[in-house]
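Show me the folded form of this:
(chains A, B, C and D)
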There are 4 protein chains.
Amino acid sequence: MYSFKNDYSELAHPRILELLNKYAIEQNSGYGHDEHTKRAIEYIKRHFTKDVDVHLLIGGTSTNKIVISHALRPYEAVISVETGHINVHETGAIEATGHKILTTPGRDGKITSEEIIKVYQEHNDEHMVKPKMVYISNSTEIGTIYTKKELTEISQTCKELGLYLFLDGARIGVALTAEGNDLTLDDIANLTDAFYIGGTKNGALIGEAVIISNDALKPFFRYSIKTNGGLLAKGYLTGIQFEALFSDDLFFQLAQHANNCATTLKDGLKELGIEFLNESPTNLQFVILDNKVIEPLRKKYNFEVWEKRLDQTVIRLVTSWATNPNEVKNFLTDLQQLLNQ
Amino acid sequence: MYSFKNDYSELAHPRILELLNKYAIEQNSGYGHDEHTKRAIEYIKRHFTKDVDVHLLIGGTSTNKIVISHALRPYEAVISVETGHINVHETGAIEATGHKILTTPGRDGKITSEEIIKVYQEHNDEHMVKPKMVYISNSTEIGTIYTKKELTEISQTCKELGLYLFLDGARIGVALTAEGNDLTLDDIANLTDAFYIGGTKNGALIGEAVIISNDALKPFFRYSIKTNGGLLAKGYLTGIQFEALFSDDLFFQLAQHANNCATTLKDGLKELGIEFLNESPTNLQFVILDNKVIEPLRKKYNFEVWEKRLDQTVIRLVTSWATNPNEVKNFLTDLQQLLNQ
Amino acid sequence: MYSFKNDYSELAHPRILELLNKYAIEQNSGYGHDEHTKRAIEYIKRHFTKDVDVHLLIGGTSTNKIVISHALRPYEAVISVETGHINVHETGAIEATGHKILTTPGRDGKITSEEIIKVYQEHNDEHMVKPKMVYISNSTEIGTIYTKKELTEISQTCKELGLYLFLDGARIGVALTAEGNDLTLDDIANLTDAFYIGGTKNGALIGEAVIISNDALKPFFRYSIKTNGGLLAKGYLTGIQFEALFSDDLFFQLAQHANNCATTLKDGLKELGIEFLNESPTNLQFVILDNKVIEPLRKKYNFEVWEKRLDQTVIRLVTSWATNPNEVKNFLTDLQQLLNQ
Amino acid sequence: MYSFKNDYSELAHPRILELLNKYAIEQNSGYGHDEHTKRAIEYIKRHFTKDVDVHLLIGGTSTNKIVISHALRPYEAVISVETGHINVHETGAIEATGHKILTTPGRDGKITSEEIIKVYQEHNDEHMVKPKMVYISNSTEIGTIYTKKELTEISQTCKELGLYLFLDGARIGVALTAEGNDLTLDDIANLTDAFYIGGTKNGALIGEAVIISNDALKPFFRYSIKTNGGLLAKGYLTGIQFEALFSDDLFFQLAQHANNCATTLKDGLKELGIEFLNESPTNLQFVILDNKVIEPLRKKYNFEVWEKRLDQTVIRLVTSWATNPNEVKNFLTDLQQLLNQ
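Next up is the predicted model:
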């Protein structure tokens, strides 16, 4: 039984565990005031030309909650595509901090400048929330990525309208190493007000690194972390992990591996004549299969059912830093056999 | 330089790291739906006669926030001693969920039934919040512990007044293995509505196990975890750790070690004629020293200054599962030398 | 200059002012513990066969906020049509209490059972909010009303799914006196868990009467009023007003007048060949006019522009308990002249 | 039966009712965009040399909630004396917006600069809330008033520490007309960042006028009003009332009357040898009586019991703009008789 269910099925990359073992009984200061966190932040900062603030947080929902509640006043709202993680899959975590999410359909999982402008213009008096932030994900919930042109346009729109731009980078690794990507971490820091580099879905046990480039959002951010229950006593746990991921280019290598496996998978599926829900250049592939092959496939592979149709089922296949390329091949072989039956 | 600053200075006990290494690339289901979490919960449940719900959470503040906001209606409040962690050291995390904390002085860091009744009776109409929960810690912020008699009395008072009793067990390990303790985990489950078993301060990387014994608090608790940003994608990270801590009595051994070191320290200090702020049977010792020894001591040891007086300084010395007994002896020797100068 | 802009342009009906004058210097107990409030509640209760709780509140947004935050747990959400007042025109007041609003398009401003079921079924695990309440308005934001059959079906759906049904009755007066209505106040109490009778838009200075028929929502409601800043020191101010409105059938007379004026207006417009955005049997009429007549009309009449089209403008005309029937006739005459030019 | 229970027992001053009658069927724009509100704000602004923003709100708790939640970031807290209205008598309304109230004992119901500094200094890192506002009341909950010297000192302390100073003026009328007062409305605007002029307890049906002098707090205040459910559809209801109160010096006349009655009462009680809980120059008098006279007094007068002692009872007697001076005399005569029995 092999799982293509998600990109957080395996604990952590060996290099991370190695470091954890190495520092197992070393004494460290608490709450991120340790040398590992300091070093990790230095490593991460090397990617940026701007003077950014870096904070190591625990997980995606927690990070979104902290950044958004830190940035907004009580009557302000965040704009997101309808499929945005904060809108659908966070059990109202953002609303629990008091803020409305204004949604717009998006295109290929991505928001457009036109949509932002439309939502902004519709909210023009004190009887409606005041839009103040745009939330996007890269890669998106359906595996697509923003081009530099697209992100630049959105960024300019946000600046003109006085909106913060916040990028959820839970899967930023696969976005930045995808075919067709022309963005760098530095570009993203320059084009957004805050974003995060997701560790959990790219080889870490836990951990997301928030990058704040807008000076207005920097002060007292650690207070917001603590108020939201996101300040780890053993901050060096995330420190050591990001030290491992960013002392060299391990972070990108891991993401590249996930993408490579996805490409192998995608190419193989296309050869089999399989159709896709959309064109995704990253580690999430939405595959349309005849219903009859689903149950047999399930006996050997784990995956998520995305959508049920009359005769077909859309399944989501996810590769990761830990995906065994042989299992991708096995999957293709097994599927071919099932299709031929 | 050796640190007696806190009980979360070292990453994790070797047995925990060993298991993490062992399962490094094993594939697991996300969000706590894995075999390790299942097993850890089974191990933990063996300690209880009641049918309790067990959830593995991330950290103390997050856990307090989740339990309290899950239990209370918007107009309800939680009663705590003034020194309670939720009242002082959580950056308003509880108020951020909308709830007032009603405080009372306490005695030796502990709340009394009389205090609970007094606060309850003072809040008797709709112009004031409605007290609905009592929050206590065992051990307390100043290292003291509740006896079975004390906890039973508080429990009965809470039942009579219709108040939930919630016990913060961030340091429950040292409480239950302290000299003078007559409580068990099972007693605590029977006497409270919810409590938690702290892993972070007793050998785990991260992790607190919430035990819910009141049926009214059980439904939809995972929703509250998620809404508060506390649901880990890699839930098996806490699963594996509590598996290690509770497959045998490792959890208690680690706490016993912390207490043993504290006893050695306390006894040694008493021999030196040192006075204490209070009598603590656990791993937090509040020691009153002449100002002149503080700076020299600081050159070799890390510790927290608790209170500055005219000629004296109260420092907090903390031992843990990882404390090296030799360093306790070194500390005593060094202090003796400084006192003799 | 005459205003058809809204139904809260005039202070209060003479009978209400008369009573206020009468009791101007009478001494009353505060916070609703007075004889007028008691009497008003008795008068209102006569309309119900069920044992309901009645509370007199200040205004619509405040009432929606109080009822919804009182009923829901932190992870629970309320379902509304997209055009719902809580979703669009309350500046995030509901989200400010921590709750997500789940929206669905609706039909003629009304929600359907199918929509409720769909939203409910889509939210099936702890990664998404838990739908727990359905919010509807009668009459709706576009003037339409629910029939007894429609409301019964929705009510049954809610019961089956374990959802509260809450009806915003800011304009319940015109709904219950509209042509085609077959609902009574008693029906509504029987079919919903809570609703309110709007005074502000039907002749009162301020005031909405909340009717709670579900026993689960009754306890501690006054606490929720106070926590949300909705408990008036001079509660007898709303008491006296609802005494005036419900000692006889004044409340319904006022609403009937608004509807009569609307009917006159509608009939007159139809004779002029004017088209409507929708068929509204109540005091809100959405009228499609050629752009050329808008500016001339504005010189003599106040109204709200609802939608701008290429050659046409949709305007909203509102009648009320205070509308002067002569002004309706004047409006029709003036419009006819403009159309003929 | 005559009531000295509070200062909101009577509906409204005749001049206010007169104006309401006068404008009963006049058409006005909604939500405070009317001529009466405009005029009221102009009248109020005449009292200030600074360019202040003025908003007319509904009631005390609502106003405190709006101002405090508007000013603070999620991790920020407000400092208040323990007896502060927001801390005791608002059912957690401030905490419901997410903010902790930090308390200090105070002296004579008033906060001191030393206390502010102490609380500020104790909260010095991200594990504790960040104090950002000081909340005071004038007059206080026990009837005392701030002198210009006291308020100036507090104001300077707040400026030095970067804290907002917010003054709850629910009873500002009696404060500014009390014997010993040397403050003006203009002084208060200059010394605070925001405060409010209470109408409810000084002759209005409802209504508090918020005065914002700090530019940082001005933008988007109406959004905060709406989000908190405090924006009246019929804003002209408060507009007309403040028009009546501030077109001349009616507001101050009413407060002076309340104080005059209190002085008569106080002098009379002192002649009878009665002792007071504290020295109050305003309309709240805390009177210490033998238990034996309480019940007989209650047969003719309404008042609040403040504190029960062994042989004595402290009662609170409140005079107001509406107090009948003859009833004050009757009370004194009746008490004298009871004491002589």
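
my guess is A:Thr103 contacts A:Val81, does it?
Yes. Contact between A:Thr103 and A:Val81 holds when scored by Cβ atoms under 8 Å: they sit 6.8 Å apart. From N, CA and C alone the C-beta is placed, and that goes for glycine too.

Pull up the overlap in contacts between those two.
Applying Cβ atoms under 8 Å, 6 or more residues apart in numbering or on different chains, one finds that A:Thr103 and A:Val81 are jointly contacted by A:Asn87.

Neighbour count for these two, which is higher?
A direct count of neighbours by other Cβ atoms under 10 Å in any protein chain shown for A:Thr103 and A:Val81 places A:Val81 higher, at 26 against 20.

Which residue is the nearest non-sequential neighbour of that one?
A:Gly106 (3.2 Å; Cβ to Cβ, 6 or more residues apart in numbering or on different chains).

List the residues that contact the one you found.
Under the criterion of Cβ under 8 Å, 6+ apart, the neighbours of A:Gly106 are A:81-83, A:112, A:115.

Compute the distance between it and chain C, please.
Counting by Cβ to the nearest Cβ, to the nearest Å, the separation of A:Gly106 from chain C is 16 Å.

just the strands in chain A please.
Listed from the start of the chain, chain A has strands (DSSP state E) covering A:2-3, A:53-57, A:76-81, A:101-104, A:130-137, A:164-168, A:194-198, A:208-212, A:275-276, A:284-290, A:301-302, A:304-308, A:312-318.

Make TSV from those strands and add mean pLDDT and distance to C:Asn340 to it.
Compiled in TSV, those are given as follows (pLDDT from 0 to 100; distance: least, Cβ to Cβ, whole Å):
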stretch	mean pLDDT	distance to C:Asn340
strand A:2-3	98	75
strand A:53-57	98	68
strand A:76-81	98	47
strand A:101-104	98	44
strand A:130-137	98	44
strand A:164-168	98	54
strand A:194-198	98	60
strand A:208-212	98	64
strand A:275-276	97	61
strand A:284-290	97	60
strand A:301-302	98	74
strand A:304-308	95	57
strand A:312-318	98	60
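
could you dump these to CSV with distance to B:Leu277?
Converted to CSV, the strands of chain A look like this (distance: least, Cβ to Cβ, whole Å):
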stretch, distance to B:Leu277
strand A:2-3, 54
strand A:53-57, 35
strand A:76-81, 46
strand A:101-104, 49
strand A:130-137, 47
strand A:164-168, 46
strand A:194-198, 42
strand A:208-212, 39
strand A:275-276, 67
strand A:284-290, 57
strand A:301-302, 56
strand A:304-308, 56
strand A:312-318, 55
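
before we move on, back to that, return a PyMOL selection command for the buried portion of the contacts of A:Gly106.
In PyMOL, the members of the contacts of A:Gly106 classed as buried (16 or more other Cβ atoms under 10 Å in any protein chain shown) are selected with the following command:
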select buried, chain A and resi 81+83+112+115
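
Just name the closest of the contacts of A:Gly106 to chain B, please.
Relative to chain B, the closest of the contacts of A:Gly106 is A:Thr83; by Cβ to the nearest Cβ it sits at 18.0 Å.

Can you get me a residue count around the closest residue to the closest one other than its chain neighbours?
Spatial nearest neighbour of A:Thr83, excluding adjacent residues (Cβ to Cβ, 6+ apart): A:Glu141 at 4.9 Å. A:Glu141 has 20 neighbouring residues, counting by other Cβ under 10 Å.

before we move on, back to that, what does the pLDDT read for the residue nearest to A:Val81?
The score at A:Gly106 is 97. That number is its pLDDT.

repeat for A:Gly32
Per-residue confidence at A:Gly32 stands at 97 (pLDDT).

wait, what's in contact with it?
Residues counted as contacts of A:Gly32 (Cβ under 8 Å, 6+ apart) are A:55-56, A:222, A:231-232, A:235-236, A:238-239.

want to throw those residues into JSON lines with distance to chain B?
Converted to JSON lines, the contacts of A:Gly32 look like this (distance: Cβ to the nearest Cβ, whole Å):
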{"residue": "A:His55", "distance to chain B": "15"}
{"residue": "A:Leu56", "distance to chain B": "13"}
{"residue": "A:Arg222", "distance to chain B": "9"}
{"residue": "A:Leu231", "distance to chain B": "7"}
{"residue": "A:Leu232", "distance to chain B": "6"}
{"residue": "A:Gly235", "distance to chain B": "10"}
{"residue": "A:Tyr236", "distance to chain B": "7"}
{"residue": "A:Thr238", "distance to chain B": "10"}
{"residue": "A:Gly239", "distance to chain B": "11"}
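
Show me these that map onto helices.
Counting by DSSP state H, the contacts of A:Gly32 place A:222, A:236, A:238-239 in helices.

Since that was my last question, I'll sign off now.
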